[in-house]
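Q: okay, here's the prediction I keep looking at, along with the sequence it came from:
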Amino acid sequence: MSPTSAAAEQDTRSATRDDLPGWYPGWAQQIADLYFSRTTSVFVLHGNTYDLVPLNDVSAPGKADFGTIPDFLAEQLFGRWDLVLHYDLGRGLRVFAGRNEKRLKDMVALATRRIGDLSTVKNDPGVVFTLLDLFVRETIMSAPEKQLSCAVIVSHASYLFPMGEPGHLSASASGTAVTLLNWATSSHVKSLEMAFVLIDERRTDISDRITGNPYVATIEVALPTEAERLAFLKDVAESNERWTKAIDYTPEQLASLSAGMSLNDLSVLIKSALDGRQRLDSKLFRDMKKRLIERQCQGLLEFIEPKWKLDTVIGHEAAKQRLRDDAALLSRGIFDCVPMGYLLSGPVGTGKSFLATCAAGEIGIPCVMLKNFRSKYVGETEGNLERVLSVLRAMGPVMVVIDEADAALGDRDSDGDAGTSSRVFGMIATQMGDTRFRGKIVWMLLTARPDLLPIDIKRQGRAEVHIPLFYPFEDDELTKMFVMLAKKLGTTLDPQDVPVVPQKGMLSGADVEGIVGRAWRKSLLAGATSITGDALKDVLSQFLPSTQGLEKELQETAAIIECTDREFLPEQIVERMEKAGGRGALQERLTGLKQLVAAM
C-alpha cells in the first residue's frame, strides 16, 4: 500500500495502515484494512467501477484530479510498489503506472528482467496466468532482499472468470480460476507485498467460486459522494466561462441535487449544456437526471413525479395524519423516529398507489417505482437488484414504492429457481433492515394480500407501520369522491346532486369513477352540460358492485389483522372486528376464507 506526502518516502514494507491518507474513498480503505491485516491478497471491486474517482484530496486547496480506478490503484494505493501489472482481454498483460511516464519506463525494465518481454506474451488467459504464477512462485522462493512488491489489476474480470459451474467451463477457464484461488489461499502470498485486484461492474457476473471464497474480499465501489461531485463540478465551472450563461445552478446546488448520479453522467449533463445545445434549467435537469439514472439502472427503476400531496387524498384521515407527521420529521432532519418503511394493504381499488405517491409529494423527496428486475438468465436477477440498491443508497433521501409486493419480493423459502428468489429476498430484507439508511430510503410496500408477505419483511425495523385501507363508508367521503372524479373526467357535479349511496363500504375508487362516467354519458345524451342529479341517481340504482365477495372479504380481513395501529381502523371495521370476537377470531376466519377462495 502506498502512503503519500512525507510518509511516502519510507520503504513500502514498513508502511502501516495509519500511514494512508484519510481522504481515500471507502473502498480503498477497505482494501487497505484487509491487506494490512494479512487476511487476504485477492480483492473483487464491483459497483460503480467504470466511473471517475478522485486521484487526490478533493477537500484540499487546488485542482482536484480524477481518473479511473486502475489509475487510482497504480498512482495511490500501489504508488510506491515496485511493479504494477494490468490485464484485460482487450489489451493483454502490460505494465501500468497511471500518468507517471518515468515510473512506467522503470517498471518496464524491471518487468523485462524478472518476467520477460510482456509485449511478446500471447494474449491468452491461460498463458498469461501461467506466466504470472511462475513469477509469484519465483518471488516466494527469492531471498527477502530480492522480493518485489507487485500488484496485478484485472479489468472486466467477468470475461475471465464468468459465472457458471466448473464442469461447464473450458479447461483453460477453470485452470485460470484455480490459479487465482491458489494465490488467495496461499499463506506465502499473503506474507509478501503482493495483491490481486479484479474489477467488474456486476459482482454476480463473476464466478461465485471466487466471490464466495472466504479468502477473497468482495468490495462495492459506491457512487460518488456530494463532496466528490462538488469538486468535479467546481473544476468544470472554473475552467469554463460559459457556466453562468448555460447553467441555472451553482456547482454547490448541482452537487446537492445530483445524488445518485455518476461523475460520467454529470459530465454528459454539463457538456451538453456548455456546448450550447440547451440551457440547463430545472426542467431539463429533472428530465436528464431521470433519464440518466433510469438508464444506469437499465430501466429497473421508474421515476414517479408526484403531482399531488396528501390533501388530495379523500378519506383515510388517520393514515394521512401519520404520513404528514413523519414528513415533518424528515424535513427537520430527525430520522431516528421515522419508520424504515410502510406497508399499505387493503382490497384492490382502495387507492394504495395514489396514497403512496401523494406521501412522496408531501415529504418532497424523489419517488421511484421498483419495476420487474427478474431475469431468466442465471445470476442476472441478483445483478439487476444489486445495481438498483447501489443507486438507491446513493440517491437518498428517496421513497421506493413496490407494488404487488407479495409477488415482487419472493420468500426466503422459495425453491424451483436455483435459489434466486431466496437470494433476492435476502438482499432486499438486508437493505430494508439497514438502519444507516433510516430516513434516507423510505420503503412503501403495496399489496392486497399482506398475509402472503414473509414475516421477515413485515417486522419492526423494516416495514414498520402497517396501514390498512378500506372502501369509503361515510356519506361525506363518498360525496367528495364523486365530485373529485367528475372533475377528473372534465365535467362538474354539484355535491347536493349526489344522492345517498346504498352500497356504502362496497364501492372502490374505480367503481365510483365508472359510475360517474356512466352518469356523465347519460347527462350528455340528455343534452346537459354537466352531470345531473337525476342521471347519477338512475345510474346508482342500477349499478351492481363486483360479485367477488369472498376475495374482497379475504383482502379486508388480512388488512385488519396486519394493522399495527388501532387509529387506522374506521369505526365500522372496529365494530366488525369486535363482533367477530377480536383479531384471534378474524385470524381463524382468514384461514377459512383462504380455503374457500382456493377451492373456487
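A: Ah, there it is.
Q: distance of the closest residue to Ser262 other than its chain neighbours relative to Val268?
A: Distances taken as CB to CB, 6 or more residues apart in numbering put Asp51 closest to Ser262, at 4.4 Å, once the chain neighbours are dropped. For glycine as for every other residue, the C-beta is placed from the backbone atoms N, C-alpha and C. Remark: distance between Asp51 and Val268 (CB to CB, to the nearest Å) = 12 Å.
Q: more crowded one of the two?
A: Higher neighbour count among Asp51 and Val268: Asp51, with 22 against 13, using other CB atoms under 10 Å.
Q: am I right that the more buried one is in a helix?
A: No. Looking at Asp51 with DSSP: H, G, I helix; E, B strand; the rest coil, it is coil, so not inside a helix.
Q: which residues does it contact?
A: Val221, Leu223, Pro224, Ser262, Leu263, Asn264 (CB atoms under 8 Å, 6 or more residues apart in numbering).
Q: tell me who's in contact with the fifth one.
A: So that's Leu263. Counted by CB under 8 Å, 6+ apart, Leu263 has contacts Asp51, Leu52, Phe66, Pro224, Glu228, Arg229, Phe232.
Q: mind checking the SS state of Glu556?
A: Secondary structure of Glu556, per three-state DSSP, is helix.
Q: wait, isn't it in contact with Val348?
A: No. The pair Glu556 and Val348 fails to qualify as a contact (CB atoms under 8 Å) at a distance of 10.9 Å.
Q: the two: who's more crowded?
A: More crowded of Glu556 and Val348, by other CB under 10 Å: Glu556, with 25 against 15.
Q: tell me where the chain has strands.
A: Ranges of strands within the chain are 42-47, 53-54, 66-67, 83-88, 92-95, 150-155, 194-199, 216-221, 301-304, 341-345, 367-370, 398-402, 441-447, 465-468, based on DSSP state E.
Q: can you list the contacts of Leu263 in a markdown table and add pLDDT and distance to Val391?
A: Formatted as a markdown table, the contacts of Leu263 follow (pLDDT from 0 to 100; distance: CB to CB, whole Å):
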| residue | pLDDT | distance to Val391 |
| --- | --- | --- |
| Asp51 | 93 | 12 |
| Leu52 | 94 | 17 |
| Phe66 | 93 | 20 |
| Pro224 | 92 | 12 |
| Glu228 | 91 | 16 |
| Arg229 | 92 | 14 |
| Phe232 | 91 | 18 |
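Q: count the neighbours of Lys504 for me.
A: Neighbours of Lys504 (other CB under 10 Å): 15.
Q: quick one: contacts for the closest residue to it other than its chain neighbours?
A: Once flanking residues are discounted, Lys504 sits nearest to Phe473: 5.3 Å by CB to CB, 6+ apart. Neighbouring residues of Phe473 by CB under 8 Å, 6+ apart: Lys504, Gly505, Pro570, Gln572.
Q: now rank these by neighbours and give me the top one.
A: Going by other CB under 10 Å, Pro570 tops the contacts of Phe473 with 20 neighbours.
Q: Ile199 versus that one, what's the distance?
A: From Pro570 to Ile199 the distance is 56 Å (CB to CB).
Q: then Ile31?
A: Applying CB to CB to Ile31 and Ile199 gives a distance of 12 Å.
Q: Lys309 against Ala360, yeah?
A: No. Lys309 lies out of contact with Ala360 (CB under 8 Å); the separation is 9.4 Å.
Q: which one of the two has more residues nearby?
A: Ala360 (25 against 19).
Q: in the sheet, who's paired with the nearest residue to the more buried one once chain neighbours are set aside?
A: Nearest non-adjacent residue to Ala360, counting by CB to CB, 6+ apart: Cys367, 3.5 Å away. Under DSSP bridges, the beta-bridge partners of Cys367 are Ile304, Met399.
Q: could you check how many residues crowd around Cys367?
A: Residues near Cys367, counting by other CB under 10 Å: 22.
Q: list the contacts for it?
A: Cys367 neighbours (CB under 8 Å, 6+ apart): Phe303, Ile304, Glu305, Pro306, Ala356, Thr357, Ala360, Gly361, Val398, Met399, Val401.
Q: ok, the last one touching Thr357?
A: Same thing as Val401. Yes. Val401 lies in contact with Thr357 (CB under 8 Å); the separation is 7.3 Å.
Q: shared neighbours of these two, anything?
A: With CB under 8 Å, 6+ apart as the test, Val401 and Thr357 both reach Ile304, Cys367.
Q: could I get the contacting residues of the nearest residue to Thr179 once chain neighbours are set aside?
A: Once flanking residues are discounted, Thr179 sits nearest to Phe129: 4.8 Å by CB to CB, 6+ apart. By CB under 8 Å, 6+ apart, Phe129 lies in contact with Gly175, Thr176, Thr179, Leu180.
Q: do Asp65 as well
A: Counting by CB under 8 Å, 6+ apart, Asp65 has contacts Pro54, Leu55, Asn56.
Q: count the residues that sit near the residue nearest to Ile467 when sequence neighbours are not counted.
A: Spatial nearest neighbour of Ile467, excluding adjacent residues (CB to CB, 6+ apart): Ala319 at 4.7 Å. The tally of other residues near Ala319 (other CB under 10 Å) stands at 22.
Q: quick one: Ala319 and Val483, what's the gap?
A: In terms of CB to CB, Ala319 sits 21 Å off from Val483.
Q: repeat that for Gly346.
A: 23 Å.
Q: which one's more surrounded, these two?
A: Neighbour tally, Gly346 and Val483, criterion other CB under 10 Å: the higher count belongs to Gly346, 28 against 19.
Q: residues touching the closest residue to the more buried one other than its chain neighbours, list them.
A: Nearest non-adjacent residue to Gly346, counting by CB to CB, 6+ apart: Leu469, 3.6 Å away. Counting by CB under 8 Å, 6+ apart, Leu469 touches His316, Ala319, Leu344, Ser345, Gly346, Pro347, Thr350, Gly351, Lys352, Leu355, Ala559.
Q: same thing with Phe335?
A: Phe335 neighbours (CB under 8 Å, 6+ apart): Leu329, Arg438, Gly439, Lys440.
Q: then Arg589?
A: Thr557, Ala580.
Q: ok so, going back, among the contacts of Asp51, who's most crowded?
A: Pro224 (30 neighbours).
Q: re earlier: so which of the contacts of Phe335 comes closest to Lys102?
A: Using CB to CB, Lys440 comes nearest to Lys102 of the contacts of Phe335, at 45.1 Å.
Q: the closest one - how many residues pack around it?
A: Quick note: Lys440 (other CB under 10 Å) scores 19 neighbours.
Q: I'd assumed Gly396 was in contact with it.
A: Yes. If you go by CB under 8 Å, Lys440 and Gly396 touch, sitting 3.1 Å apart.
Q: so what's the spatially most central residue of the chain scoring on pLDDT?
A: For the chain, Leu389 is the residue whose C-alpha lies nearest the centre (CA atoms, centre = their mean; 2.1 Å). At Leu389, the model reports a pLDDT of 87.
Q: many thanks, we can stop here.
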